[in-house]
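1. Quick one, structure for this:
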Amino acid sequence: IQEAAWRLEDTLERTAVCSRYPDSIIEARQAYFQAATAEVLYKRALVGMLVLSIFEMPAWCGQQDVSMFSGTGGRCASTDRGDEVMLSGLWYIPPGWGIVVECILMGALAKKFIRQQRLQVVFFEPMTPRQEYYKLSHIRFGLAMLLLELADCVFFVLFKPRFRLAFLARTGYLCLLPAVVNLAKLVYSCLWEFFSIASFLIGAILLFAWIAVMIFDGVDTGAEEFRTFPKALNSMFVAGVSEDFVAVFLQSYTTYRWVGLLWLIFLVIAHVLLLSLVLDTLTAAYMLFSEEEAKEVAERKVKGILKVFKTVLVATTGAAPSPGSCLEIPRADFLQFIKEYGTSPKVDSISEERAEIMFQAIDKDNSRYIDYEEFCGICRVIQYRFWCTRRQSVVASWFPGLWNSDAFQRYRVFVEGSRAS
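-> Residues are numbered from 1 along each chain as shown. Model prediction:
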């Protein structure tokens, strides 16, 4: 039951699911609960880091030279020239208190990495074949970012420099988020298509930059942007990838009208053909990646739910389903499975009443058993949050005379139809 609940949670939440789980499932699941609790705290600590990055006193402000635990609000105490600098108008946290808050948040972040590393190393690494529940490379990268930020805090407290490296570590934390990792995979999958088309755009810019230098060689006026090849290359690049081509070509065009034909050819090739083709290629690659990813996720979830159903059957009835068999899970065993599933810190707790409502909604034949199709229906709604609400308004209890009057009943029928009775 524990393995089935764990597998279902991974199937619904994670992008990758292990083919096997540790034999010591109870101890491993308890370690997972600790890692999941730390992960919930980790997300809150990340939000705290973002808020701290907004409200902490900038190191270049020099407030640490005056006092570490008192500030000047929205002003810098001094600059290198002794001037007073207005900041964004926010009330900033003094450097000393910012370091204290930062260390507390770093402790919350470290707890997540340490517990995930313990779960992977102790329970999943010794398995044959080896199972990768958490990527050790991501964990080690996160710990390295924590050490970098801790060293930066110590250096700042001891030497009070006008710069900090904490932004590198905080950026590293954000790069470990699943959404950012998926975005990096998407960008990597589009690189070849991007460079294959961008190479033609770069070649066109180089060619027209060389042509411009050859044409305006020895010309004294109207060609200041094309005197040398580096200047011409910069001008053609700006004109080819931005909307500032008017400012780049205006002087040469007003001086030599015939050169407008050359610029027209370049703009058609760069803007109309190649630049649009680059954007279309990126869009097509993104759509293809998204469709393939959606298919893989759907297939993985279907296979995961089927394996969960088989695991529950083996754990409760002791019989493994065979092809063509129609085994079902009894109501009591299903409620036990749902109760175990709701014990995870990353899942909303599921009360017995709520589980009973879900079972009754899926068990349409009232057989007190659920087959695979009914089990899939429950898995589709198991992540939803259910709540009970009163059917009648407060008018029914506070003003019963008005509620039961003929006029109000006709109004209820008009609003609710036959349900008003």
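
2. Alpha carbons only: can I get the one helix or strand residue 338 maps to in CSV?
-> Counting by DSSP states H and E, the element that carries residue 338 is helix 331-341. The C-alpha coordinates for helix 331-341 follow below in CSV (Å, rounded to 0.1, in the frame of the first residue of the first chain):
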residue,chain,number,x,y,z
ARG,A,331,-13.9,-0.6,-0.9
ALA,A,332,-12.1,-1.1,2.4
ASP,A,333,-8.7,-1.6,0.7
PHE,A,334,-9.3,1.4,-1.5
LEU,A,335,-10.1,3.6,1.6
GLN,A,336,-6.9,2.3,3.2
PHE,A,337,-4.9,3.2,0.0
ILE,A,338,-6.4,6.7,-0.1
LYS,A,339,-5.7,7.3,3.6
GLU,A,340,-2.0,6.3,3.0
TYR,A,341,-1.9,8.6,-0.1
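
3. buried sites along whichever helix or strand comes after it?
-> On the C-terminal side of helix 331-341, the closest following helix or strand by DSSP H and E is helix 352-362. Neighbour counts over helix 352-362 (16 or more other CB atoms under 10 Å) mark 354-355, 358-359, 362 as buried. In this view, the C-beta of every residue, glycine as well, is placed from N, C-alpha and C.

4. Equivalent analysis for stretch 123-137, please.
-> 123-124, 127, 131, 133-134.

5. can I assume residue 255 is in contact with residue 225?
-> No - Residue 255 is beyond contact range of residue 225, at 11.4 Å (criterion: CB atoms under 8 Å).

6. Compare the two and say which is more crowded by neighbours.
-> residue 225 (21 against 13; other CB atoms under 10 Å).

7. Thought residue 233 was touching the more buried one, still the case?
-> No - between residue 225 and residue 233 there is no contact under CB under 8 Å: 10.6 Å.

8. pLDDT below threshold where in the stretch 251-400 of the chain?
-> 318-326, 383, 385-388 (pLDDT under 70).

9. go again using 80 as the cut-off
-> Applying pLDDT under 80 to the stretch 251-400 of the chain picks out residues 275, 278-279, 281-282, 316-327, 349-354, 357-358, 361-366, 377, 380-392.

10. Distance of residue 53 relative to residue 359?
-> Residue 53 sits at a distance of 47 Å from residue 359 (criterion: CB to CB, to the nearest Å).

11. list the contacts for residue 352?
-> 335, 339 (CB atoms under 8 Å, 6 or more residues apart in numbering).

12. how about a cut-off of 7 Å?
-> residue 335 (CB atoms under 7 Å, 6 or more residues apart in numbering).

13. One more: residue 235?
-> 225-226, 248.

14. cool, and residue 35?
-> Residue 35 neighbours (CB under 7 Å, 6+ apart): 115-116, 119.

15. May I have the secondary structure class of residue 327?
-> Put simply, residue 327 is coil when judged by DSSP: H, G, I helix; E, B strand; the rest coil.

16. what ranges do the helices span in the stretch 251-400 of the chain?
-> Residue ranges of the helices in the stretch 251-400 of the chain, as given by DSSP state H, counting those that start in this stretch, are 259-267, 276-316, 331-341, 352-362, 372-381, 395-398, 400-403.
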